[in-house]
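Visitor: Structure, please.
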Amino acid sequence: MATIDYVIVGGYLAMLLLVGFLLSKKAGTDLESYFLGGRKLPWWVLGASGMSSNLDVAGTMMLVAMITMFGLQGFFIEFRGGVVLPIAVFLAFMGKWHRRSCVMTTAEWMELRFGSGWQGRAARVTATITYLVITIGMVVFFLSAAGKFLAVFLPFDERTCQVIMLAVALIYTMLSGLYGVVWTDVLQAALIVGAAIYVAVNACLVYSPEILSAWPGAQFNTILPRWFDERLVQMGPSGEVISDYRFFGFFLLFWAAKGLLEGLGGSGGSAYMAQRFYAAASERDCVKMSMLWIVLFAVRWPLILGFVILATSQGLSVAHPEEILPRLLASDLFPAGVRGLIIAALLAAAMSTFDSTINAGASYVVRDLYQPLRPTAPQHELVRAGYVASFAIVLVGLVLAWQVESVLGVWVAIVTNLFPAFLVPFALRWFWGRFNGAGFTAGVLAGFAAALGCHLSAASGHPLPEVLNLALVAGVSTAASIVLTLLTAPTAASTMKTFYQKIHPMGWWPQEWKSPHRTEHRADVLRLLAALLWQITTFLLPMCLMLRMWSGSIALAAVWVGCGIVLLRGMPDKGV
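Guide: Next comes the predicted model:
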């Protein structure tokens, strides 16, 4: 990097620290201010924060590799996580359900659903452990990718780069809580959008038939997913098969089902997604926030496609595809100053995901582990406990990140092992009235045990195919949830009724409870279908335009407009 590049990146990091200090007093008022921003944050701030929290360097590096190898079919492969289908479920109805619960964390929600007896307490502790495992796993993923990325540009090794990023993010996140997280995310979202426009425009200017012939994934550029294609095989640097996607349609059904389960479980595969909806001021804000989240997040795909086109134009071919992005930015394609801005934008993507993960993970430690042990603790003590929890989470993540060799390997392990372990129990709690805290606890623990078994099998040289691994872990978790629920006492009827009257969920609940809400439930199902189509077309449309696929773009635009009208017409009344 040139001197001006270092100045830009250094100025960006200094700005984050300044925001942390400026907002520290406001965030330190009480626990709700620290972790939920007092539930008074503007919807557009939460939407911009959600977008930047879902966009990170690790995922961007991986997706550049995926689109390089598989073109637009790589987009469909990322239904397993990178497309973030749960946002559509939150847009349709899950966001308002979270807002109605009026809790601070999903673990605290368990006592609202299952009561304050032993089953509710067991479910609360289990949910806390689940989110801490996910949080640490994601911290490992983010740090390992950020270290590889920054080491290309800074005069430090990977570990030093990880420590620098960790220190900056930890300081401003600890000091300013969710206030600092979301307001820095707004600035970081602006940087990301600016970088995406620059990269996409330049990619369109150099796009040519020669690039198509040199791009390995160009043969897979279709707007509809393939059902079977024997060429969809991912090879390693030594010629070994990493992933076999030949039966693509079969895999896509599993990936889409997993994404929907994440949303229907109200987790989104992360602690910070639900946190944004707990912090919303109203149900209407939940809808507006979700739509903005999706529109802003759409810039990820032209940014990634632009990087792929530019890398192909430079003839970049490396043994490890995840190295394409840092090598591209280190080339002469980006002049001094511009390179610094692009790197700052990608660093912003990393920071925004990292800070959201830390803050949300710490909320579970304080609200669900520390505060029950210290019910009379003053607010300033609880806020300080948030500082300690944040530090502990990143310290554990850093130690584990130092053991990582492959960023893609970490992501696949999270998607195929960790997520399936809890998806079904988290979904059943909303939709099955008979489901109880014992079934939830047993399902999650059995899922994690199955995930550990699959991991040990892979470590011993006997890995299961990706989809089979996912199905096995989810299947064990589901079976344990159902069996233990039927073998133990149901949740008290009064607790269930209080929960239902507050949330109004659909599913297997007493008919007399559901009758007054049937119209809302039918509308929610329609909104879910519209939200899924709207999100997918929002992401695909700009890529098709960049690739000059005009007929496909017209079809996608028509679907996008129609689904958008359905979503806007069904928006809750103002102030609800």
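Visitor: CA atoms for contacts and neighbours, from now on please.
Guide: Fine.
Visitor: List the contacts of G20.
Guide: Shown in contact with G20 (Cα atoms under 8 Å, 6 or more residues apart in numbering): I171, Y172, T173, L175, S176, G180.
Visitor: next one: L178
Guide: Counted by Cα under 8 Å, 6+ apart, L178 has contacts A27, S33, Y34, F35, L36, G37, S356, N359.
Visitor: So D524 is in contact with F93, correct?
Guide: Yes. Counting by Cα atoms under 8 Å, F93 is a contact partner of D524 at 6.0 Å.
Visitor: So between those two, which is more surrounded?
Guide: F93 (23 against 19; other Cα atoms under 10 Å).
Visitor: secondary structure class for that one?
Guide: Counting by DSSP: H, G, I helix; E, B strand; the rest coil, the backbone at F93 sits in helix.
Visitor: Roughly how far does it sit from F114?
Guide: Shown here: F93 relative to F114, a distance of 21 Å by Cα to Cα, to the nearest Å.
Visitor: before we move on, what about I554?
Guide: I554 is 49 Å from F114, by Cα to Cα.
Visitor: Of the two, which one has the most company?
Guide: F114 (27 against 14).
Visitor: contacting residues for the more buried one?
Guide: Contact analysis of F114 by Cα under 8 Å, 6+ apart lists G120, A123, N436, G437, T491, A492, T495, M496.
Visitor: quick check, nearest of those residues to G82?
Guide: For the contacts of F114, the closest approach to G82 (Cα to Cα) belongs to A123, at 28.5 Å.
Visitor: so which strand or helix has that closest one?
Guide: helix 118-150 (DSSP states H and E).
Visitor: Next: W301.
Guide: helix 300-313.
Visitor: Check which helices and strands that helix is in contact with.
Guide: helix 57-70, helix 158-206, helix 209-214, helix 324-329, helix 518-546 (3 or more Cα pairs under 8 Å, 6 or more residues apart in numbering; DSSP states H and E).
Visitor: Need the contact partners of that helix.
Guide: Contacts for helix 300-313 (Cα under 8 Å, 6+ apart): 55, 60, 63-64, 67-68, 195-197, 199-204, 206-207, 211, 214-215, 324-325, 328, 539-540, 542-543, 546.
Visitor: And stretch 146-155, what's buried?
Guide: A146, G147, K148, F149, L150, A151, V152, F153 (16 or more other Cα atoms under 10 Å).
Visitor: I should have written stretch 442-462 there, sorry.
Guide: 442-452, 454-455.
Visitor: Which residues are in contact with K40?
Guide: A279, A280, A281.
Visitor: and with 7 Å instead?
Guide: Counting by Cα atoms under 7 Å, 6 or more residues apart in numbering, K40 touches A280, A281.
Visitor: ok, now how distant is it from W118?
Guide: For K40, the distance to W118 (Cα to Cα) stands at 34 Å.
Visitor: Weed out the non-buried ones from the contacts of helix 300-313.
Guide: Among these, those classed as buried by 16+ other Cα under 10 Å are 55, 60, 63-64, 67-68, 195-196, 199-200, 203-204, 207, 211, 215, 324-325, 328, 539-540, 542-543, 546.
Visitor: which stretch of helix or strand covers the residue in the chain sticking out farthest from the centre?
Guide: Ranking residues of the chain by C-alpha distance from their mean position (Cα atoms, centre = their mean) puts E512 at the top, at 36.7 Å. Assessed by DSSP H and E, E512 sits inside helix 511-514.
Visitor: What residues of that helix count as buried?
Guide: Judged by neighbour count using 16+ other Cα under 10 Å, the buried positions of helix 511-514 are K514.
Visitor: same question, stretch 18-27
Guide: For stretch 18-27, by 16+ other Cα under 10 Å, it's V19, G20, F21, L23, S24, K26, A27.
Visitor: which ones are touching the nearest residue to the first one once chain neighbours are set aside?
Guide: This means V19. Distances taken as Cα to Cα, 6 or more residues apart in numbering put G180 closest to V19, at 6.5 Å, once the chain neighbours are dropped. Residues near G180 by Cα under 7 Å, 6+ apart: V19, G20, L23, Y172, T173.
Visitor: any idea how far G180 is from W301?
Guide: 27 Å.
Visitor: So, low pLDDT: which residues of the stretch 51-200 of the chain?
Guide: Within the stretch 51-200 of the chain, not a single segment meets pLDDT under 70.
Visitor: Now do stretch 85-104: distance to the chain's middle.
Guide: Relative to its chain's centre, stretch 85-104 lies at 15 Å (Cα atoms, centre = their mean, to the nearest Å).
Visitor: Show me what that stretch is in contact with.
Guide: With contacts defined as Cα under 7 Å, 6+ apart, stretch 85-104 is touched by 109, 259-260, 262-264, 266, 268, 277-278, 280, 282-283, 286-287, 290-291, 502-503, 524, 527-528, 531-532, 535.
Visitor: One more: stretch 500-518?
Guide: Stretch 500-518 is contacted from outside by W97, R100, S101, W430, F431, W432, G433, H521, using Cα under 7 Å, 6+ apart.
Visitor: Which one (most neighbours) among these?
Guide: Top of the contacts of stretch 500-518 by neighbour count (other Cα under 10 Å): W430, with 24 neighbours.
Visitor: Confirm that that one lies within a strand, as I assumed.
Guide: No. Under three-state DSSP, W430 sits outside any strand and is assigned helix.
Visitor: how much space between it and A389?
Guide: Applying Cα to Cα to W430 and A389 gives a distance of 29 Å.
Visitor: Let me know the secondary structure of the closest residue to P425 other than its chain neighbours.
Guide: In this structure, P425 finds its nearest non-sequential neighbour in F440, 5.3 Å apart by Cα to Cα, 6+ apart. Put simply, F440 is helix when judged by three-state DSSP.
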